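Enquirer: Okay, predicted coordinates and the sequence, questions at the end:
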Amino acid sequence: MTKLAVANLCVDIGNKRIVDDFSLTITTGQWLCIIGPNGAGKSTALKALAGVVPSSGVLLIDDRDLSAMKVRDRACWISYVAQDPIMPVGMSVFDYVLLGRTAHLNLLATESNYDLETTENILQELALDSFKNRSLDSLSGGERQRVAIARALTQQSPILLLDEPTTALDIGYQQDVLDLINRLRKDKKIAVITTMHDLTVAGIYPDELLLLANGQIVAQGSALEVLTVERIAHYYGARVRVIIDDGKPLVLPEHMDRQA
Amino acid sequence: MIATVKRVSSFSIAVCAVAIILSILLATCIGAVGIAPSDVFASIAWHLRIPFTDQSVGTSDVIIWQLRLPRVILAFVVGSMLASAGAAYQGTFRNPLADPYLLGVSAGAGLGATLIIVTGSNPNQYLVPFGSFLGAITAVALTYTLGRSAIAGRSSTALILAGVAVANLLTALQTLIQQQHNDRIREVYSWVLGTLNTTGWSDVRLVTPYICICLVVLYRYRRVLDVFGVGDEEAQTMGLPVERVRATVIIAASLGTAAAVSVTGLIGFVGVIVPHVLRLFVGNSFRILVPLSIVFGGIFLVFADLLARTVLAPAEIPIGIVTALIGAPFFLYVLGSRRVGGIS
Amino acid sequence: MFKKSVAVALAVVALGASTSATSSTNAATAKPFPVTISNYGQSLTFTKSPTRIISLSPTATEILFSIGSGSKVVAVDNQSNYPSSAPRTSLSGYTPNIESILNYNPDLVVVSYDPGDLVSSLRNAGVKVLMQDAASTLNDSYSQIVQLGKITGRLTSANAVVWNMKKKITLALTSVPSRATGLTFYHELDDNYYSVTSSTFIGQLYTMTGLVNIADTADGAEWGYPQLSGEYIISKNPSFIFLADSKCCSQSRTTLKARPGFKNIAAVKRNHTFILDDDIASRWGPRTASLLQSIVYDIKFFLKTNY
């Protein structure tokens, strides 16, 4: 069991504070979701955790200081998939997923048989082995997202950061990807932190929600606790109804006529 | 076309080695002066101390061993360097149009060479290579410093912009100086257009060590070049120290390119054409593109030089013109006859 | 051998002809102006000698000073390095600046090359321009000297200069030992192995001595200035090498020996290599005669010491 603890994380870009006093704790097996309106700083907070934007604050993994780690060591603890991951043109799915082994390889080394096997296994687990020889450019949106997650999984890190993993996917693919994440964090004991802008989906899958507005955490807790009509109206400027179904809050937008 | 991780097998190494040796021998058999292949082989064999061979005497031995062979070998080494440096730049910058001169190597080398040519009354034959090497290295260092200190944009874009600025500045300076010294203009131009005309073993000895070291570095970094393909941010989260590795690759590629252009002048097109044509055949993984660029970049330049020195023999076509004249149409042909999606 | 005798005979005939020309024109010097000459389709009339001459041609500069018209020259281009008394300026014959030229208030500009619209611009500004482009024969050279003599009122001196040249050349050619005939040579213009054929001005000088030019069989384009290759030169194995690139390209006997394979060339082995003055070898003025003299001197010297 691994624990990631973040305290007083701040990110400044130019003179503007994008993320302010951000704190969270997560252990393996949990799924935490950062929500918030556009421009709230969700993606920036996730990038700060991934270490790709400079930040101040405390980042501890099992009491080890993440910010003092070398890039490669840090990658062994935390993996990250961008919102729209760049896929090298003309590269095969297998070669791409194999790149995830970088964290475990010396810079000048080439992959061992163990690395190849690990990659094969992950492709199989994600039902991707049938098109491992396909070119990345031939993939559909849902396939791309699965392949990107597979690449992050070959990194075999206990913490997985996913920026908007379901944006731009049809509902069927959304469900595929969300089910996959859910299965992985349970089976593989991975701590998953995602950002999402779809509140309905965010209400159903993750264990815990963290509502970010103007870079600050304004609410934290279970979906039922965080997703209230008042908060959504205040922070998103949206008229919604929240229906409780099977213990999960369903956020529905409300038509202007009905409110009157 | 898309395959799984390609491992460099001993069979493919053998095939490449044979291809290299055959093209070098073929190019050595043909030249401005007709010499029978048997004389060519006899001459080479004797100089290589192969047992039971006799010293061939006279002009043909001099021409083969002291002129043609060093020239062919230099062409190979320089071609390898330019092509693999091109591939390396394309990888680290994720920019298919990147070539070895992206960061101002050519402009710096041109300025350095011009300065030596116009001020030099010193008959030292190594002075022009030295000047152009120094100029090239200075240009890349300048680009890198400027690109790193630029606030705007991600660092690879800032670097490319800095390279454009530095190249323009140095080219303007070079033109200015050249303008002030009209009497030396032909020498400057003949350097700029690239020449292997006066190559001997001394040039080969001068640059091959540097180029070999740089080639080894680029070869060892071939897997890492693939990681750059996912973008700087993700590459870093995957454990790649992006800035440091990029700096290393840039230094190796630039040093090697600077060494190459210092003895041959500016030879364009090899760095762009060779990796791209290879990409159309073997896919987009640098693990194979780098080694194949080393092999086929060298072979390409050997044949380009062969044309340069035979078509109008005994006169020469500047090799830079041959690489562009042959390279561009060939590239367009391959592009047209293959799946267009393979590039971009 | 035959070739050489013909050349000598021709030179002697020319010498005689010009001597008589000198005497006949002397009568005319009584009334030298106005002078009208035809120059590249333009008719130029001088009512008196120009007094503010600009020369953008190093050869014309040499001619003007040799015929005693140097005092009328107000500016010469940056390449006109002979004689040293010539008023050298930063004016360029390759990239001329019309304003700077006009600033000298010239009444005659002599050029050997018309980059862009130099000539027409100067003529539009009311300045007389005399074009004297590269001579292709010695006779061209002589007539350019005489032409400048006429224009500047120094015809007698000009004829004397020509006569002197012819004398030097004739004497030099008659002294070439007969065994020089048929020996091969390579004349180098720069270190990329550009050379000249016998059809060029400088190439003709060599032909007169009876030497055989290795570049003659390599001029596919018949341009007169073929580029050779190291291989070609080595395979031709010339007996003499003349370097006309010691100034431009820092070439010397040492650099020649250091070139790959060159040690095996007969000329290099026997030290039959000879440095020419780049400037003299690329001009067609009065010093051409001295150039031929020194070429002949070296042929003789080498043949004496080495055979």
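Expert: Cool, got the structure.

Enquirer: Tell me which residues touch residue 109, please.
Expert: Going with chain A. Counting by CB atoms under 8 Å, 6 or more residues apart in numbering or on different chains, A:Ala109 touches B:Arg223. In short, each C-beta sits where N, CA and C put it, glycine included.

Enquirer: hm, I was asking about chain B
Expert: Applying CB under 8 Å, 6+ apart, the residues near B:Ala109 are B:132-133, B:135-136, B:139, B:258, B:261-262, B:266.

Enquirer: can you list those in a markdown table and add secondary structure?
Expert: Below are the contacts of B:Ala109 laid out as a markdown table (DSSP: H, G, I helix; E, B strand; the rest coil):
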| residue | secondary structure |
| --- | --- |
| B:Ser132 | helix |
| B:Phe133 | helix |
| B:Gly135 | helix |
| B:Ala136 | helix |
| B:Ala139 | helix |
| B:Ala258 | helix |
| B:Val261 | helix |
| B:Ser262 | helix |
| B:Leu266 | coil |
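
Enquirer: Tabulate these (JSON lines), appending distance to chain C.
Expert: Shown next, in JSON lines, are the contacts of B:Ala109 (distance: CB to the nearest CB, whole Å):
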{"residue": "B:Ser132", "distance to chain C": "16"}
{"residue": "B:Phe133", "distance to chain C": "19"}
{"residue": "B:Gly135", "distance to chain C": "19"}
{"residue": "B:Ala136", "distance to chain C": "22"}
{"residue": "B:Ala139", "distance to chain C": "25"}
{"residue": "B:Ala258", "distance to chain C": "22"}
{"residue": "B:Val261", "distance to chain C": "17"}
{"residue": "B:Ser262", "distance to chain C": "16"}
{"residue": "B:Leu266", "distance to chain C": "15"}
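
Enquirer: quick one: which of those is nearest to chain A?
Expert: Using CB to the nearest CB, B:Ala258 comes nearest to chain A of the contacts of B:Ala109, at 23.1 Å.

Enquirer: Now do the helices in the chain.
Expert: Going with chain A. Counting by DSSP state H, chain A has these helices, from start to end: A:42-50, A:71-77, A:93-98, A:113-125, A:141-154, A:171-187, A:199-204, A:223-226, A:229-231, A:256-259.

Enquirer: That was the other one, I meant chain C.
Expert: Residue ranges of the helices in chain C, as given by DSSP H, are C:2-28, C:58-66, C:98-103, C:118-124, C:138-151, C:155-174, C:201-209, C:230-236, C:253-258, C:266-269, C:278-281, C:287-306.

Enquirer: tell me which strands and helices the third one is in contact with?
Expert: In this case it means helix C:98-103. Packed against helix C:98-103, as judged by 3 or more CB pairs under 8 Å, 6 or more residues apart in numbering or on different chains; DSSP states H and E, are the following elements: helix C:118-124.

Enquirer: on contacts alone, who are the packing partners of the helix it packs on?
Expert: Helix C:118-124 sits against helix C:98-103, strand C:108-111, strand C:128-131, with contacts defined as 3+ CB pairs under 8 Å, 6+ apart.

Enquirer: Now tabulate the contacts of B:Ala109 in CSV and tack on neighbour count.
Expert: Shown next, in CSV, are the contacts of B:Ala109 (neighbours: other CB atoms under 10 Å in any protein chain shown):
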residue, neighbour count
B:Ser132, 31
B:Phe133, 26
B:Gly135, 28
B:Ala136, 32
B:Ala139, 28
B:Ala258, 30
B:Val261, 31
B:Ser262, 27
B:Leu266, 21
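
Enquirer: Over to B:Thr145. Which of the three states is it?
Expert: Assigned state for B:Thr145: helix (three-state reduction, three-state DSSP).

Enquirer: quick one on the thing from earlier: which of the helices and strands packed on helix C:118-124 has the lowest mean pLDDT?
Expert: Lowest mean pLDDT within the helices and strands packed on helix C:118-124: helix C:98-103, a mean of 88.

Enquirer: Only the buried residues of it, if you could.
Expert: Of the residues in helix C:98-103, C:101-102 count as buried by neighbour count, 16 or more other CB atoms under 10 Å in any protein chain shown.

Enquirer: Give me the contacts around it.
Expert: C:54, C:56, C:90-91, C:109, C:118, C:121-122, C:125, C:127.

Enquirer: any idea how far the residue of the stretch 151-260 of chain A found nearest chain C is from C:Thr254?
Expert: Relative to chain C, the nearest point of the stretch 151-260 of chain A is A:Arg151 (53.5 Å; CB to the nearest CB). Separation of A:Arg151 from C:Thr254 (CB to CB, to the nearest Å): 62 Å.

Enquirer: So those two - more neighbours on which side?
Expert: For the pair A:Arg151 and C:Thr254, the greater number of neighbours falls to A:Arg151 (26 against 9), based on other CB atoms under 10 Å in any protein chain shown.

Enquirer: wait, that one sits on A:Asp95?
Expert: No - here A:Arg151 does not reach A:Asp95: they are 10.2 Å apart, not a contact under CB atoms under 8 Å.

Enquirer: Now stretch C:55-62 - C-alpha only, PDB.
Expert: The C-alpha coordinates for stretch C:55-62 follow below in PDB (Å, rounded to 0.1, in the frame of the first residue of the first chain):
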ATOM      1  CA  SER C  55      39.600  53.500 -63.700                       C
ATOM      2  CA  LEU C  56      37.500  50.600 -62.400                       C
ATOM      3  CA  SER C  57      39.800  48.100 -64.300                       C
ATOM      4  CA  PRO C  58      43.200  47.200 -62.800                       C
ATOM      5  CA  THR C  59      44.500  46.600 -66.300                       C
ATOM      6  CA  ALA C  60      43.400  50.000 -67.500                       C
ATOM      7  CA  THR C  61      45.000  51.500 -64.400                       C
ATOM      8  CA  GLU C  62      48.300  49.800 -65.300                       C
END
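
Enquirer: And that stretch, what's buried?
Expert: C:55-62.

Enquirer: residues in contact with residue 105?
Expert: No chain in the question, so chain A it is. A:Leu105 sits next to A:111, A:115, B:223 when contact means CB under 8 Å, 6+ apart.

Enquirer: nope, chain C
Expert: C:Asn105 is in contact with C:Arg52, counting by CB under 8 Å, 6+ apart.

Enquirer: How about C:Arg259?
Expert: Under the criterion of CB under 8 Å, 6+ apart, the neighbours of C:Arg259 are B:198, B:200, C:230.

Enquirer: got it, and C:Tyr104?
Expert: With contact taken as CB under 8 Å, 6+ apart, C:Tyr104 is in contact with C:52, C:54, C:74-75.

Enquirer: roughly how far apart are it and chain A?
Expert: Noted for C:Tyr104: a distance of 60 Å to chain A, by CB to the nearest CB, to the nearest Å.

Enquirer: Tell me, how many residues neighbour C:Tyr225?
Expert: When counting by other CB under 10 Å, one arrives at 16 neighbours for C:Tyr225.

Enquirer: what do you get for A:Thr44?
Expert: 21.

Enquirer: Quick check: the gap between the residue nearest to C:Leu292 when sequence neighbours are not counted and chain A.
Expert: Spatial nearest neighbour of C:Leu292, excluding adjacent residues (CB to CB, 6 or more residues apart in numbering or on different chains): C:Leu205 at 4.9 Å. Per CB to the nearest CB, C:Leu205 is found 64 Å from chain A.

Enquirer: got a list of what C:Leu205 touches?
Expert: C:Leu205 neighbours (CB under 8 Å, 6+ apart): C:288, C:291-292, C:295.

Enquirer: and with 7 Å instead?
Expert: Each residue near C:Leu205 by CB atoms under 7 Å, 6 or more residues apart in numbering or on different chains is listed here: C:291-292, C:295.

Enquirer: Kindly report the same for B:Leu255.
Expert: B:210, B:214.

Enquirer: what pLDDT does it get?
Expert: Per-residue confidence (pLDDT) for B:Leu255: 89.
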